[in-house]
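Predicted model follows, preceded by the sequence.
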Amino acid sequence: MNIDWILVLEKFLLIATVVTISLVIAMYETWSERKIAALLQDRRGPTRAGPFGLFQPLADGLKLFMKEEIIPNSANRFLFILGPCLAMMAAMMTSAVIPFGGTIEVAGRQVDLQVADVNIGVLYVFAVVSLGVYGIMIGGWASNNKFSLMAALRAASQAISYELAMGLSLIALLFMSGSLSMRDIVTQQMAGDWGGFLGWNVLYQPLGFLIFLIAAFAECNRTPFDLPEAENELNFGYHQEYSSMKLGFYLFAEYINMFISSVIMATLFFGGYDMPFFNESAHAHWGNWLALVGIIALTLKVGFFIFLFMWVRWTIPRFRYDQLMNLGWKKLVPLALANMVITGAVVLWLNDK
Amino acid sequence: MQALTNRAKVVDRKPMTFIERLYLWNILKGMFITFSHIFKKRPTINYPEKKRPFSPVFRGLHVLNRDEEGRERCTACGLCALACPAEAITMEAAERKIGEEHLYREEKYAARYEVNMLRCIFCGLCEEACPKDAVYLSETPAPPNFTRESFIYKKEDLLIPDPTKEPEAFKKAKGLS
């Protein structure tokens, strides 16, 4: 058997880079969350650790590592440890199918800035995202604590309800693209006028994007959908019994999820690594610099979405549980269905013409 | 009842309009309110680097004054201890020996002068009672500490630096530099 070792090495390096980037971004998301919260509330936020408090995440990480590792007596040890691991794993796995940029040329090899261009990329994302519920569910159950269990049940039902609306809103998009591959979806958007801007899916699917955005908030357990955590009702919910880095893993997984869902929203609806008003195909001779332009464009979009996540968190109070379910099942699902039917009809009508 | 201010609002129980029921519009309004706060001035003062000025009547730690020649003004009359409502001041008098005229202004001086800062309520009655202008309350707030003993300030802790020997420190203590 002939194995292309260079390809293996290339993919390995790519995976390592993507994992490192997600971890570093998750780290600095904690910093920016504090900073943005402070800005929105007329405070200053962390300022002591390093310039602008930039070393705050390091201090937080050190603190979490130094804490005593407690496993409750009555907890199921195996599942108790498995929970945060699963949450972290599911969060990290999603990034495999995301195209982070175009193609670069290294030593005569064409390297796609994507770990795997799977032809069912979107489906893979959904599969892995639903795995994330297991982390929360197992963690909450293994703690052997009624608050944790209740929070875990809430989390599971919430995630399942909103995944439905999320999937339905995406089907309308997939009607238009005709492909499940993330890279295809991006290249289709890049082909639009105005340097790709008019090709962005958000212009054709604004309702679909809105539903996807709300569902993404719910999937990430972010305010206003942070019922699984619910500090003041369930005292920290599913990770109540956790301490030290196991707690850190849960919190980290949340921030990685936030990063990943920002990337997915940018990729599916906002043209991914497409710089608007800039015709990529006309600048093909730029080579690797073109890929850099794409990465910068994606970073800006992702940064905006992460800011949006935090902005919403520090603006809107938490939903009540029945409001959450009402919104999910009675508003978003019918809306997504209607959106799907209308898009399907329009696509058929356009194809027939 | 007649309204006391014009800020009271009549409760509005009308059914929500369509836009209100959509909820999104109101979320956007809220988000713009929070966003506008980014550009507001922050009231925070970065404390150790930047300090707010004290009010001119602020009363902090005690200071035992000296005269221009650097002699202690206190004559251990005990009026401050008598005036003190919290009984925070203790003192022991001693007689000035010959050759000590450059140290103490009066014939009698305080050999021991202690203020218990845990008892002190910083009312300032001691400085009002003092006939010799010897005790003053400074602008330094009492610093925190771990032990009770460290809150009992001895004469060495209270005395202002000697203006003839350490003019710089004296100026600083007076807040003149």
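Nice, I can see it.

Could you use CA atoms for every contact and neighbour count after this?
Will do.

what comes into contact with the longest helix along chain B?
Ranked by residue count under DSSP state H, the longest helix found in chain B is helix B:24-36. The contact list for helix B:24-36, computed with C-alpha atoms under 8 Å, 6 or more residues apart in numbering or on different chains, reads A:40-41, A:311-312, A:314-316, B:19-20.

can we see that at 7 Å?
A:40, A:312, A:315, B:19-20 (C-alpha atoms under 7 Å, 6 or more residues apart in numbering or on different chains).

Kindly report the same for stretch A:93-103.
Residues from elsewhere that reach stretch A:93-103 (C-alpha under 7 Å, 6+ apart): A:110-118, A:121, A:125, A:128, A:182-183, A:260, A:273, A:291, A:294-295.

Take these and keep only those in helices.
Using DSSP H, these in helices are A:121, A:125, A:128, A:182-183, A:260, A:291, A:294-295.

Name the nearest of those residues relative to residue A:62.
For these, the closest approach to residue A:62 (C-alpha to C-alpha) belongs to residue A:260, at 24.5 Å.

other SSEs contacting the helix or strand where residue A:339 lies?
For residue A:339, the host element (DSSP states H and E) is helix A:333-352. Contacts defined by 3 or more C-alpha pairs under 7 Å, 6 or more residues apart in numbering or on different chains; DSSP states H and E place helix A:333-352 against helix A:146-177.

Go again with 10 Å.
Here helix A:333-352 touches helix A:146-177, helix A:206-219, going by 3 or more C-alpha pairs under 10 Å, 6 or more residues apart in numbering or on different chains; DSSP states H and E.

Let me see the ranges of the helices in the stretch 1-150 of chain A.
Taking DSSP state H, counting those that start in this stretch to define them, one finds helices in the stretch 1-150 of chain A at A:5-40, A:56-66, A:77-93, A:121-142, A:146-177.

Chain B too?
Under DSSP H, chain B gives helices at B:18-22, B:24-36, B:79-83, B:125-129, B:155-158, B:167-174.

and those helices as JSON lines, adding mean neighbour count?
Shown next, in JSON lines, are these (neighbours: other C-alpha atoms under 10 Å in any protein chain shown):
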{"stretch": "helix B:18-22", "mean neighbour count": "11"}
{"stretch": "helix B:24-36", "mean neighbour count": "14"}
{"stretch": "helix B:79-83", "mean neighbour count": "18"}
{"stretch": "helix B:125-129", "mean neighbour count": "18"}
{"stretch": "helix B:155-158", "mean neighbour count": "15"}
{"stretch": "helix B:167-174", "mean neighbour count": "15"}
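
Out of those, which is closest to residue A:195?
Nearest to residue A:195 among these is helix B:24-36; the distance by C-alpha to C-alpha comes to 29.5 Å.

Quick one: mean pLDDT for the closest one?
Helix B:24-36 carries an average pLDDT of 89.

Now do that helix against helix A:5-40: the angle between them, please.
Per axes from the mean of the first three to the mean of the last three C-alpha atoms, to 10 degrees, the angle that helix B:24-36 makes with helix A:5-40 is 80 degrees.

Just the C-alphas of helix B:24-36, formatted as PDB.
Extracted in PDB, the C-alpha atoms of helix B:24-36 (Å, rounded to 0.1, in the frame of the first residue of the first chain):
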ATOM      1  CA  LEU B  24     -36.900  41.300  17.900                       C
ATOM      2  CA  TRP B  25     -37.400  45.000  17.600                       C
ATOM      3  CA  ASN B  26     -37.300  45.500  21.300                       C
ATOM      4  CA  ILE B  27     -34.200  43.300  21.600                       C
ATOM      5  CA  LEU B  28     -32.600  45.600  19.000                       C
ATOM      6  CA  LYS B  29     -33.600  48.600  20.900                       C
ATOM      7  CA  GLY B  30     -32.000  47.200  24.100                       C
ATOM      8  CA  MET B  31     -28.900  46.200  22.200                       C
ATOM      9  CA  PHE B  32     -28.500  49.800  20.900                       C
ATOM     10  CA  ILE B  33     -28.800  51.100  24.500                       C
ATOM     11  CA  THR B  34     -26.100  48.800  25.700                       C
ATOM     12  CA  PHE B  35     -23.900  49.600  22.700                       C
ATOM     13  CA  SER B  36     -24.200  53.300  23.300                       C
END
